[in-house]
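>>> When you get a sec, could you give me coordinates for this:
(2 chains)
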2 protein chains.
Amino acid sequence: MKIVLIGAGNLATNLGKGLLQAGHEIAQVFSRTMESAGALADILGSKPITDLAQVCNDADIYILSVKDTVLEDVQRTLLKGREHVLMVHTAGSMKMDVLEADRRGVFYPLQTFSKGKEVDFKEIPFFLEANHEEDLAVMRELAETLTDKIYVLSSNDRKWLHVAAVFGCNFVNHCYSMAANLLEKHDIPFSVMLPLIAETAEKVKEIHPKDAQTGPAMRWDTNVMDRHLGLLNDQPDLQEIYRLFSEHIHKAQ
Amino acid sequence: MKIVLIGAGNLATNLGKGLLQAGHEIAQVFSRTMESAGALADILGSKPITDLAQVCNDADIYILSVKDTVLEDVQRTLLKGREHVLMVHTAGSMKMDVLEADRRGVFYPLQTFSKGKEVDFKEIPFFLEANHEEDLAVMRELAETLTDKIYVLSSNDRKWLHVAAVFGCNFVNHCYSMAANLLEKHDIPFSVMLPLIAETAEKVKEIHPKDAQTGPAMRWDTNVMDRHLGLLNDQPDLQEIYRLFSEHIHKAQ
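A predicted model of the protein is given here:
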């Protein structure tokens, strides 16, 4: 398919690479600055553009992968003179109807993307939504070139998926960060924790996380918890998080 | 080596299996109830016992893997008539000196263990501490039959490792739990999140967690965060965790 990519951030970069590898043509890459448009366009063999008026009119699909806060403005500008194109966004947290195009949809890969880390799209579930069945078919055809894991999900359900992903990914990563800080402060390399992190993630493939819970809060071992809280005396933020999580783990049993 | 295992919980079960596979003899398994001592002894080809007085006197090492709260009492009872044996505990959170034996040590595998989930000991770092160099050598020899990742760590440093592991494992798993609850409440299977969970864990092998952070709190996208907090209106605990984590992620940047 002939694709225009609006955006050059983490998601656009990874998705663009995946689509190129799957054999599609990424005709243009738009970004506000020539630096970022150019960097991604170079990788994708695309034309970099910084003015939405220069976007072509004949692509099969326009993928808008920009910050949530500017999506509404960008789609409106793009719509002018392109009223009949298929426009999709990739934002898990945004309703489909933030797009005003009649041929609109959502093309949401549930994954965490960083520019410096390649991902395997085969493992990534895509959540699709479209205003028209025919466009859903086009989007499904495109998604099938990337992954087997394709779901159709309404905007109303997707918002729960998105908030769940904040807990299951963003907050998890922040737990890693806090652990890394605690270790590094005491000259213990974070790498010693990687097998534990891997096993904790691996475990929930087989055991529901509720049943996989271990640790002092799970056992409600107040001796250990009090010692830990004492160690965190000079880090009241971490103390508060420790207390809140321990209570919540205990209540959830 | 000839080993006596005191305890039959998650850690004792997994460690016992690992030691048996590595070719050691697990002579006896002690637990308070014959049910749990018997269950593990059956697997390990050991003699189950429920009375510490029946523990033999000629094992090379006595591994105490019991709840932190009873460790002090158990080791004291065990010590009577066994003043010259090598006694080690496996508790990350406990000082070595909770043991009163002269030949004492800590044999701490940094991992999360569940009875229903096999682990690969080769991937598990062991943190050792001993009162005597000769005993450290014995413990190292034993650990080397399980893993290449052997570290010597004092009780004083180990406490930081242990609290970090609560953040990096127990709290992470609780984030998975909260995500699972949010999804299941809206009839979305938790399994759709497994690739995201795997990638989030995978990523920090290459990128420091601070640099791997993504999501609305990282971008300080208050529109998305406010919508998420609104969705959690009927779950004030989750709202509080969401708010606290978002602020802490933001401050940490």
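>>> Test for you: state the pLDDT assigned to residue A:208.
Among the per-residue scores, residue A:208 shows a pLDDT of 95.
>>> actually residue A:176, not the one I typed
For residue A:176, pLDDT reads 98.
>>> quick one: it and residue B:172 touch, right?
Yes. Using Cβ atoms under 8 Å, residue A:176 makes contact with residue B:172 at a distance of 7.2 Å. Quick note: C-beta positions are derived from backbone N, CA and C, even for glycine.
>>> residue ranges with poor pLDDT in the stretch 51-200 of chain A?
Nowhere does the stretch 51-200 of chain A drop to pLDDT under 70.
>>> So which residues of it form strands?
Under the criterion DSSP state E, counting those that start in this stretch, the stretch 51-200 of chain A carries strands at the ranges A:61-64, A:87-89, A:104-109, A:126-130, A:150-152.
>>> what residues does the stretch 1-150 of chain A put near chain B?
Selection of the stretch 1-150 of chain A residues close to chain B by Cβ under 8 Å from any Cβ of the partner chain yields A:10, A:67-69, A:93, A:110-114, A:116-117, A:119, A:123-125, A:149.
>>> Would you mind checking those for buried ones?
Those of the residues of the stretch 1-150 of chain A next to chain B that meet the buried threshold are A:10, A:68, A:93, A:110-114, A:117, A:119, A:124-125, A:149, by 16 or more other Cβ atoms under 10 Å in any protein chain shown.
>>> Now render the residues you listed as a markdown table, adding distance to residue A:163.
Output for these, formatted as a markdown table (distance: Cβ to Cβ, whole Å):
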| residue | distance to residue A:163 |
| --- | --- |
| A:10 | 20 |
| A:68 | 14 |
| A:93 | 8 |
| A:110 | 12 |
| A:111 | 16 |
| A:112 | 15 |
| A:113 | 18 |
| A:114 | 21 |
| A:117 | 24 |
| A:119 | 22 |
| A:124 | 19 |
| A:125 | 16 |
| A:149 | 20 |
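>>> surely residue A:183 meets residue A:194?
No. Residue A:183 is not in contact with residue A:194 according to Cβ under 8 Å; the separation is 11.3 Å.
>>> Compare these two and say which is more crowded by neighbours.
A count of neighbours by other Cβ atoms under 10 Å in any protein chain shown puts residue A:183 above the other of residue A:183 and residue A:194, at 23 against 18.
>>> quick one: that one and residue A:191, what's the gap?
9 Å (Cβ to Cβ, to the nearest Å).
>>> next one: residue A:118
Taking Cβ to Cβ, one finds residue A:118 at 21 Å from residue A:191.
>>> Equivalent analysis for residue A:3, please.
Distance, residue A:3 to residue A:191, by Cβ to Cβ: 39 Å.
>>> So which of these two has more stuff around it?
residue A:3 (22 against 13).
>>> What helix or strand is the residue lying farthest from the centre of chain A located in?
Farthest-out residue of chain A from its mean C-alpha position, per Cα atoms, centre = their mean: residue A:223, at 39.0 Å. Assigned by DSSP states H and E, residue A:223 belongs to helix A:222-231.
>>> beta partners of the residue nearest to residue A:85 when sequence neighbours are not counted?
Once flanking residues are discounted, residue A:85 sits nearest to residue A:62: 5.6 Å by Cβ to Cβ, 6 or more residues apart in numbering or on different chains. Beta bridges link residue A:62 to residue A:4, residue A:87, judged by DSSP bridges.
>>> The closest residue to residue A:176 other than its chain neighbours: neighbour count?
Excluding the flanking residues, the one nearest residue A:176 by Cβ to Cβ, 6+ apart is residue B:209, at 3.8 Å. Other residues lying near residue B:209 total 23 when counted by other Cβ under 10 Å.
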